[in-house]
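A.B. asks: Got a predicted structure here, sequence first:
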Amino acid sequence: MRRPGLLIVLLLAVLPAGVLADSKTTTGLIAAGTQWQTPYWILDSGADGPTVLVTGGVHGNEPAGPQAADQIRCWPLAKGRLILVPRCNVPALKAGTRTMPGQAKELADLNRNFPLSGKEPTARGPAAKALWAFVPNHKPDYTLDLHEGSGFRSAGSESVGSSIIRVPHPETAALQDLMLAAVNATVTDPERKFARLRGAANGSLARACGERIEARAFILETTFKDQPLALRIRQHRIMVHTLLEHLGMTDGNKNRMLPRARPTPATVYAAIYDGPGTSSTKTPPRFERILTPQALVSLRRVCPDDIRDGALDPFDTIIFGGGSGSKQAKGLGEDGCKAVK
């Protein structure tokens, strides 16, 4: 039975105790003043350690990476630097297309425009040139480029969805196994397990980072087919967090999605349920269109696994859209329902 309207549950705001000190954050713009303009953030712990680059939105029809990167920049650091470029391809993200609008066919795929193997160390096209001018300048030791595929590689799909692709390096095989073990521990369906792949596409950002600046580079691929966005964001967070925790750079809270300090004292932290019992492609986007323009509301989608894992603690409100209440309860399970209560 369909149930129109909203069920809104108010929760007490509880900030996590014992977290690491917040890092010094600087921000700026890549390709400033052009249609390719996009912000970056640099989180500096002030303590010696690795530099890790996390990028998202290279392809505009892959929204999980940008949103995961936005959440990752809320994490505290114990050492090193974390550099985030959540939306590498702003025009394509706005259009919802894989390739860059208005570009010639040979330049339309941003992830084929970075320096090619065995060729001159230059990027092609204004967007890739601006990004490539930024990345080597900061000398990342590790690069994690967040992507999505259309199918499940472990189920036999030709897509690279649900996989970790490593650029060959003496250290990347072991790190790939570490991230695979962490994310696959959360996947029950064998055909949706993340697969191990080697060798990123020529001209991709990850391959250029591995070959040109000797970074330990990976492409982390979720799958957008038949999976809610919140789950895919969570999978990205798990993989990135696994590497950062292994490097001793962050704490054990992979569920942190919000900054500790609210933009204003009146800001409401609102979670939107994104899981069984409601339409992932219709309901959460409608709430986002309505509520995002409200200056005092910060929104995050949450899936049942997030809720069962304690991710609701910092939120003030959770919104359940119309649909099937019984399916929502089944998706949450007993522990999830207790967490909401």
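C.D. replies: Good, I have the coordinates.
A.B. asks: What ranges in the stretch 51-200 of the chain fall below the confidence cut-off?
C.D. replies: Within the stretch 51-200 of the chain, no stretch has pLDDT under 70.
A.B. asks: those strands in it, which residues are they?
C.D. replies: 51-55, 81-85, 142-149, 163-166, 195-198 (DSSP state E, counting those that start in this stretch).
A.B. asks: Kindly reformat those as CSV containing distance to Ala127.
C.D. replies: Placement of C-beta: from N, CA and C, glycine included. Shown next, in CSV, are these (distance: least, Cβ to Cβ, whole Å):
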stretch, distance to Ala127
strand 51-55, 12
strand 81-85, 12
strand 142-149, 15
strand 163-166, 21
strand 195-198, 25
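A.B. asks: Out of the ones you listed, the one nearest Ala230 is which?
C.D. replies: Proximity to Ala230 (Cβ to Cβ) singles out strand 142-149 among the strands of the stretch 51-200 of the chain, at 13.4 Å.
A.B. asks: Which elements pack onto the closest one?
C.D. replies: strand 51-55, helix 64-72, helix 205-212, strand 216-223, helix 229-246 (3 or more Cβ pairs under 8 Å, 6 or more residues apart in numbering; DSSP states H and E).
A.B. asks: coming back round to it: dump the strands of the stretch 51-200 of the chain to a markdown table, plus mean neighbour count and distance to Gly28.
C.D. replies: Output for these, formatted as a markdown table (neighbours: other Cβ atoms under 10 Å; distance: least, Cβ to Cβ, whole Å):
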| stretch | mean neighbour count | distance to Gly28 |
| --- | --- | --- |
| strand 51-55 | 25 | 15 |
| strand 81-85 | 24 | 10 |
| strand 142-149 | 26 | 19 |
| strand 163-166 | 25 | 29 |
| strand 195-198 | 15 | 33 |
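A.B. asks: So which of those is nearest Arg262?
C.D. replies: Once the strands of the stretch 51-200 of the chain are compared by Cβ to Cβ, strand 81-85 is nearest, at 20.2 Å.
A.B. asks: returning to that earlier point: can you tell which of the strands of the stretch 51-200 of the chain is closest to His236?
C.D. replies: Ranking the strands of the stretch 51-200 of the chain by their distance to His236 (criterion: Cβ to Cβ) puts strand 142-149 first, at 5.2 Å.
A.B. asks: Indicate each strand paired with the closest one and its parallel or antiparallel sense.
C.D. replies: Using DSSP bridges, strand 142-149 pairs in its sheet with strand 51-55 (parallel), strand 216-223 (parallel).
A.B. asks: export these to CSV and tack on distance to Leu84?
C.D. replies: Below are those laid out as CSV (distance: least, Cβ to Cβ, whole Å):
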stretch, distance to Leu84
strand 51-55, 5
strand 216-223, 14
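A.B. asks: And stretch 92-112, what's buried?
C.D. replies: Residues of stretch 92-112 classed as buried: 92-93, 98-100, 103, 107-112 (neighbour count, 16 or more other Cβ atoms under 10 Å).
A.B. asks: which of the residues you listed lies closest to Gln227?
C.D. replies: Closest to Gln227, out of all of the buried residues of stretch 92-112 and judged by Cβ to Cβ, is Arg98, at 17.9 Å.
A.B. asks: what's the spacing between Leu299 and Gly56?
C.D. replies: Counting by Cβ to Cβ, to the nearest Å, the separation of Leu299 from Gly56 is 18 Å.
A.B. asks: Compare those two and say which one has the larger neighbour count.
C.D. replies: Neighbours per residue (other Cβ atoms under 10 Å) separate Leu299 from Gly56, with Gly56 holding more: 29 against 21.
A.B. asks: For that one, which non-adjacent residue is spatially closest?
C.D. replies: Gly65 (3.0 Å; Cβ to Cβ, 6 or more residues apart in numbering).
A.B. asks: Restricted to helices, list the buried residues of stretch 92-112.
C.D. replies: 92-93 (DSSP state H).
A.B. asks: List just the nearest of the buried residues of stretch 92-112 to Gly248.
C.D. replies: Asn111 (30.4 Å).
A.B. asks: Pro304 versus that closest one, what's the distance?
C.D. replies: In terms of Cβ to Cβ, Asn111 sits 32 Å off from Pro304.
A.B. asks: Looking at the helices and strands packed on strand 142-149, which one is packed in the most?
C.D. replies: Comparing those by mean neighbour count (mean count of other Cβ atoms under 10 Å), strand 216-223 comes out on top with a mean of 27.
A.B. asks: dump the residue contacts of Gly203.
C.D. replies: 111-116 (Cβ atoms under 8 Å, 6 or more residues apart in numbering).
A.B. asks: again with Ile164
C.D. replies: Applying Cβ under 8 Å, 6+ apart, the residues contacting Ile164 are 176, 179-180, 194-197, 218-221, 239.
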